[in-house]
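Asker: can you look at this prediction? I've put the sequence above it.
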Amino acid sequence: MSTADDNNEQYVGGSEEITSNKKESTSCEQNNVDDITKGINSMAMQDDVSTCANCGKVGNSDDMNICNKCKSVKYCNAACKKKHRSKHKKACERRLAELHDERLFKEVEPKECPICMSSETYTSTFQSCCGKRICNGCIYAMQVSEGKDLCAFCRTPIPSYDEQFKRTKKLMDKGNAEAFNMFAGYYVNGRRGIAQDWAKAREFTLKAGELGCASGYYNLGVAYEYDEGRGVEVNMKKAKHYYELAAMMGHVGARHNLGCLEGESGNYQRAMKHFTLAAKAGSEKSLNNIKQGFTNGMITKEEYANALRAYQKRQSEMKSDERDKAAASGMFIN
């Protein structure tokens with residue numbers, strides 16, 4: 001019996017020890033959870049606080065003034081912001097330039113024809129019925145291959161010139177960017193009963209760009225770069241500005257022209273960046289300039305090879321039998 005009692009006592013003792021260990025384990029785990037929670041809460045609190053760039057005072061981020069330009073520094077009040085302005089100016093300008101270049105040299109996906117879904121090329125035509133820009137290959141396939149004088153997208157009969165003019169005006173009332181760019185062309189050429197008016201053309205071209213038509217900004221860039229009697233004086237700063245806006249929206253011609261402007265200014269690395277992006281988007285002119293840049297040691301063999309492969313890939317994506325036939329038909333003037 002004593003042996004049994006001893007064993008029983010040992011068992012009871014072991015049970016208490018296990019229970020004690022469990023309590024200790026649970027307590028440790030709870031402590032760990034508490035520590036983690038405190039750490040996360042502390043980090044969250046740190047995220048919610050900022051230091052004034054002028055006086056060093058710590059405050060709630062949401063309650064502080066921020067630099068309106070670079071958005072990178074905060075101040076406890078307007079007075080500190082004003083006092084620190086002269087010290088922050090150079091850093092602010094440097095950060096603004098960095099942010100601008102990030103947007104400028106970001107590769108933009110090419111627009112696609114809404115019918116064949118292939119990369120859009122220079123050879124596309126605006127449709128005043130639906131407000132779409134359709135590749136000439138799809139238009140050719142509809143009008144020639146299928147023998148139907150209809151819009152390839154919405155199947156509306158092709159309008160007369162007068163009806164096209166009226167439809168374009170209606171699209172402008174709806175805020176269609178391509179329609180504004182199209183109407184600007186009427187003022188440029190003095191067509192559809194509209195007297196030539198360069199000022200009005202620039203107004204409509206600018207509106208087209210603001211609404212999202214890259215060609216609008218590109219056309220303004222061309223006007224300020226070359227003048228050519230377009231009612232403005234040559235202004236290379238403005239030309240570059242509008243080319244940049246167009247390039248950031250994916251306009252390949254604007255990107256190529258920026259490369260030329262940078263090259264003429266001696267900024268060869270920036271020029272090669274522009275040419276590389278334009279070549280990847282399908283510009284043969286830019287590819288030729290990259291090749292010349294490689295010959296002159298401005299870019300590496302690998303960089304040239306990568307640009308060449310990207311150019312060939314984009315050309316393949318844009319190519320189709322219908323587009324080739326459309327180009328050879330003489331139906332389209334681009």
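Answerer: Right, received. Where do you want to start? Predicted model, so just to flag it, every value in this text is computed and none were measured.
Asker: and the helices in the chain?
Answerer: With DSSP state H as the criterion, the chain has helices at 2-47, 78-104, 136-140, 161-173, 177-189, 198-210, 214-226, 236-248, 252-264, 268-280, 284-295, 301-318, 321-329.
Asker: buried ones in the fifth one, by neighbour count?
Answerer: Of the residues in helix 177-189, those buried under the neighbour-count criterion (16 or more other Cβ atoms under 10 Å) are 177-188. Using the backbone N, CA and C atoms, a C-beta is placed for each residue, glycine as well.
Asker: pLDDT below threshold where in this protein?
Answerer: Counting by pLDDT under 70, the chain contains low-confidence ranges at 1-48, 120-122, 145, 228-229, 333-334.
Asker: can I see the domain layout of it?
Answerer: Domain segmentation of the chain under automatic domain parsing yields 2-85, 113-156, 157-327.
Asker: ok, back up a step: now render the buried residues of helix 177-189 as CSV, adding distance to residue 195.
Answerer: What follows is the buried residues of helix 177-189, written out as CSV (distance: Cβ to Cβ, whole Å):
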residue, distance to residue 195
177, 24
178, 23
179, 20
180, 18
181, 19
182, 17
183, 14
184, 14
185, 14
186, 10
187, 8
188, 11
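Asker: picking up where we left off before, wait, which of the helices of the chain is closest to residue 119?
Answerer: helix 301-318 (4.7 Å; Cβ to Cβ).
Asker: pull the CA atoms of that closest one into CSV?
Answerer: Taking C-alpha atoms only, helix 301-318 is exported to CSV below (Å, rounded to 0.1, in the frame of the first residue of the first chain):
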residue,chain,number,x,y,z
LYS,A,301,26.3,46.7,-76.0
GLU,A,302,23.8,45.1,-73.7
GLU,A,303,21.7,48.3,-73.5
TYR,A,304,21.7,48.5,-77.3
ALA,A,305,20.8,44.8,-77.6
ASN,A,306,17.9,45.1,-75.1
ALA,A,307,16.5,48.1,-77.0
LEU,A,308,16.8,46.3,-80.3
ARG,A,309,14.9,43.3,-79.0
ALA,A,310,12.2,45.5,-77.4
TYR,A,311,11.9,47.4,-80.7
GLN,A,312,11.5,44.2,-82.7
LYS,A,313,8.9,42.9,-80.3
ARG,A,314,6.8,46.0,-80.5
GLN,A,315,7.0,46.0,-84.3
SER,A,316,5.8,42.5,-84.3
GLU,A,317,2.9,43.4,-82.0
MET,A,318,1.9,46.3,-84.3
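Asker: residues contacting it, please?
Answerer: Judged by Cβ atoms under 8 Å, 6 or more residues apart in numbering, the contacts made with helix 301-318 from elsewhere in the structure are 110, 118-121, 272, 275-276, 279-284, 287, 290-291, 293-294.
Asker: just the buried residues of the residues you listed.
Answerer: Counted by 16+ other Cβ under 10 Å, those give 110, 118-121, 272, 275-276, 279-283, 287, 290-291, 293-294 as buried.
Asker: I figured residue 165 was touching residue 182, is that so?
Answerer: No. Counting by Cβ atoms under 8 Å, no contact exists between residue 165 and residue 182, whose distance comes to 9.5 Å.
Asker: between the two ends of stretch 156-166, how far is it?
Answerer: Distances were taken as Cα to Cα, to the nearest Å; on that basis the terminal residues of stretch 156-166 are 15 Å apart.
Asker: now do the buried residues in it.
Answerer: Applying a neighbour-count criterion of 16+ other Cβ under 10 Å, one finds 158-159, 164-165 buried in stretch 156-166.
Asker: what is the nearest of these to residue 326?
Answerer: Within the set of the buried residues of stretch 156-166, residue 158 lies nearest residue 326; the separation is 15.3 Å, counting by Cβ to Cβ.
Asker: the nearest residue to the closest one once chain neighbours are set aside and residue 322, how far apart?
Answerer: The shortest distance from residue 158 to any residue that is not its chain neighbour, by Cβ to Cβ, 6 or more residues apart in numbering, is 5.0 Å, and that residue is residue 149. With the distance defined as Cβ to Cβ, to the nearest Å, residue 149 ends up 17 Å from residue 322.
Asker: cool, residue 260 as well?
Answerer: Using Cβ to Cβ, residue 260 is found at 32 Å from residue 322.
Asker: also residue 262?
Answerer: In this structure, residue 262 and residue 322 are 37 Å apart, going by Cβ to Cβ.
Asker: one step back: looking only at neighbour counts, state which of residue 149 and residue 322 leads.
Answerer: Neighbours of residue 149 and residue 322, each counted by other Cβ atoms under 10 Å, are more numerous for residue 322; the result is 19 against 9.
Asker: which ones are touching the closest residue to residue 251 other than its chain neighbours?
Answerer: Ranked by Cβ to Cβ, 6+ apart and with sequence neighbours excluded, the top spatial neighbour of residue 251 is residue 214, at 3.9 Å. Under the criterion of Cβ under 8 Å, 6+ apart, the contact partners of residue 214 comprise 246, 249-251, 254.
Asker: can you pull the buried residues of stretch 166-178?
Answerer: Of the residues in stretch 166-178, 167-168, 171-172, 176-178 count as buried by neighbour count, 16+ other Cβ under 10 Å.
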